[in-house]
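**Student:** from the sequence below, what's the structure:
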Amino acid sequence: MTDWRNAVDSWIDSHADELRSLRRHLHSHPEPSREEFQTIRFLASRLEAEGVPYELTPSRRGILAGALEADGRPLAAFRADVDALRITDAKDVEYRSRQDGVMHACGHDAHATMALGATLALWRCREILPSPLAWRALFQPAEEVGEGAFEMVAAGAMEGVGAILALHVDPERPTGRVGYRVGPLTAFCHELQVTIRGAGGHAARPHQACDPIIAASQFVSSVYQLVPRSVDARDPTVVTFGSIQGGTSGNVVPEEVVLRGTIRTLSRASSQRVAERIQQIAEGVATATETSFAVSLGNSTDGVVNDPGVTGTCLRAAGEVLGPANLEEIPLPSMGGEDFAGYLTQAPGCLLRLGVAEEGKTRHHLHSPHFDIDERALTLGAKILAHGAILTAEALADA
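**Tutor:** Here you go, the predicted model:
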């Protein structure tokens, strides 16, 4: 191994306890999407203490660190998301969330810690890194609501960036292993809201009302039955309604029902077809039930499509840290969403899945109130990001 690899890895290993403490602080003090002000202040204070150049985004909920100007050199960027979820932490640990109803149930506290560790290692070891080398670290808000990447891009985060990489913790994969996939990795996601209006009345005389509840139930059933038969069976498609709100009393037919759900596909064309079919179903049910339907799509996130070249470089980096035998190909894309895709409209990139499952312990899935990680993964992730940034920057310089 060359000197920079030894130096970077040694620095990260020697700060393992600090990284663990940083992650536990973030885990204890979570902030939900759009409210990440204290989290960003905390991360910025660590960068400032080490003399790392950084700037805050206009919202003061995001950070650009490292090379703030490209100076004509293509930059290698790496990203971490920092927001938490509105979930109550059910773990019995000293670092459980102190914010009622909010917790880091998707590992963003670990992402931020690993990216901070990589940033500090690269900065501390900058004198022996290959030259010329240009890298930038991005700490973004609002990933869980699909807004943060676009906000960062608008703030100039991708100016001069030639490639970008990221890690996402994977509680189904053992610590010390990385999952990768070339091409489609995550789904195109769209928020869906359907508002159904009818005519309220007495529950004993439903013939005098136009019941939006029966319209809603018929609509949900029809969507679940008909949408899968409207798209190519070889093209994965998921439509799920997670919220139905309507009525306040058991003996009153309400005026309105609101459904909220999500559409997940692996292509923009399929998303459009599904949206059109849902509208057609809504029109049909509205006619049959004498109600009115308003169908709207909210925030949308493109699917993450990993670039072959950048993925190859990231696998070299992960292989240097973990060994090639611990790199596992992911056979099928996930129907989950990830707003890392927002950066890929500006430059090619790669998202890897980092194993955080501790041997012998129960594995709790992402977004579970019991979610936690094997903290030994923090140094591994920091090393992979640091190696990946250097190797990607070298590849960009040689291109």
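
**Student:** how far does stretch 21-41 sit from its chain's centre?
**Tutor:** 16 Å (CA atoms, centre = their mean, to the nearest Å).

**Student:** buried sites along it?
**Tutor:** 22-24, 26-36, 39-40 (16 or more other CB atoms under 10 Å). In this view, the C-beta of every residue, glycine as well, is placed from N, C-alpha and C.

**Student:** and those residues, which is closest to residue 312?
**Tutor:** For the buried residues of stretch 21-41, the minimum distance to residue 312 (CB to CB) is 29.4 Å, reached by residue 23.

**Student:** quick revisit: among the buried residues of stretch 21-41, which are located in helices?
**Tutor:** 22-24, 26-28, 39-40 (DSSP state H).

**Student:** those: which two are farthest apart?
**Tutor:** Largest pairwise distance in these, by CB to CB, is 17.9 Å, between 24 and 40.

**Student:** may I ask which two of the buried residues of stretch 21-41 are separated the most?
**Tutor:** 24 and 34 (23.8 Å).

**Student:** ok, residue 366 touching residue 106?
**Tutor:** Yes: with contact defined as CB atoms under 8 Å, residue 366 and residue 106 form a contacting pair (5.2 Å).

**Student:** got any residues that touch both of the two?
**Tutor:** residue 169 (CB atoms under 8 Å, 6 or more residues apart in numbering).

**Student:** and those two? Which one has more around it.
**Tutor:** residue 106 (23 against 15; other CB atoms under 10 Å).

**Student:** helix/strand/coil for that one?
**Tutor:** Per DSSP: H, G, I helix; E, B strand; the rest coil, the local secondary structure of residue 106 is coil.

**Student:** give the contact list for it.
**Tutor:** 84-85, 144, 169, 366-367, 371.

**Student:** mind giving me the packing neighbours of the helix or strand where residue 46 lies?
**Tutor:** Following DSSP states H and E, one finds residue 46 within helix 37-49. Here helix 37-49 touches helix 16-28, strand 54-56, strand 63-66, helix 108-124, going by 3 or more CB pairs under 8 Å, 6 or more residues apart in numbering; DSSP states H and E.

**Student:** which outside residues touch the second one?
**Tutor:** Looking back up the chat, that one is strand 54-56. Contacts for strand 54-56 (CB under 8 Å, 6+ apart): 40, 44, 47-48, 62-66, 68.

**Student:** kindly recompute the last result at 10 Å.
**Tutor:** Strand 54-56 is touched from outside by 37, 40-41, 43-44, 46-48, 62-66, 68, 119, 136-137, 139, 155-156, with contacts defined as CB atoms under 10 Å, 6 or more residues apart in numbering.

**Student:** what are the buried residues along the helix or strand hosting residue 313?
**Tutor:** Residue 313 belongs to helix 308-322 when assigned by DSSP H and E. Buried residues in helix 308-322, counted by 16+ other CB under 10 Å: 310-311, 313-322.

**Student:** filter the contacts of strand 54-56 to the buried ones?
**Tutor:** With burial judged by 16+ other CB under 10 Å, the buried subset of those is 40, 43-44, 47, 62-66, 119, 136-137, 139, 155.

**Student:** tell me what the helix or strand containing residue 295 is packed against?
**Tutor:** Take DSSP H and E as the rule and residue 295 turns out to sit in strand 292-301. Secondary-structure packing of strand 292-301 (3 or more CB pairs under 10 Å, 6 or more residues apart in numbering; DSSP states H and E): helix 148-154, strand 188-197, helix 212-226, strand 256-265, helix 268-289.

**Student:** which of those sits closest to residue 330?
**Tutor:** Short answer: strand 256-265, nearest of the helices and strands packed on strand 292-301 by CB to CB, at 16.7 Å.

**Student:** name every strand pairing with the closest one and say which way it goes.
**Tutor:** Partners of strand 256-265 in the sheet, by DSSP bridges, are strand 188-197 (antiparallel), strand 237-246 (antiparallel).

**Student:** so what are the sheet partners of the next helix-or-strand element following the first one and their directions?
**Tutor:** Translated: strand 188-197. Downstream of strand 188-197, the first helix or strand assigned by DSSP H and E is strand 201-202. Paired strands of strand 201-202, with direction, are strand 252-253 (antiparallel) (DSSP bridges).

**Student:** what's the spacing between the strand it pairs with and its chain's center?
**Tutor:** 40 Å.

**Student:** who touches it?
**Tutor:** 198-206, 208-214, 246-247.

**Student:** just the buried ones among these, please.
**Tutor:** 198, 200-201, 209-214, 246-247.

**Student:** need those residues in CSV (columns: distance to residue 150 and pLDDT).
**Tutor:** Below are the buried ones among the contacts of strand 252-253 laid out as CSV (distance: CB to CB, whole Å; pLDDT from 0 to 100):
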residue, distance to residue 150, pLDDT
198, 37, 97
200, 40, 96
201, 44, 96
209, 43, 96
210, 40, 97
211, 40, 97
212, 34, 98
213, 37, 97
214, 39, 97
246, 32, 97
247, 36, 95
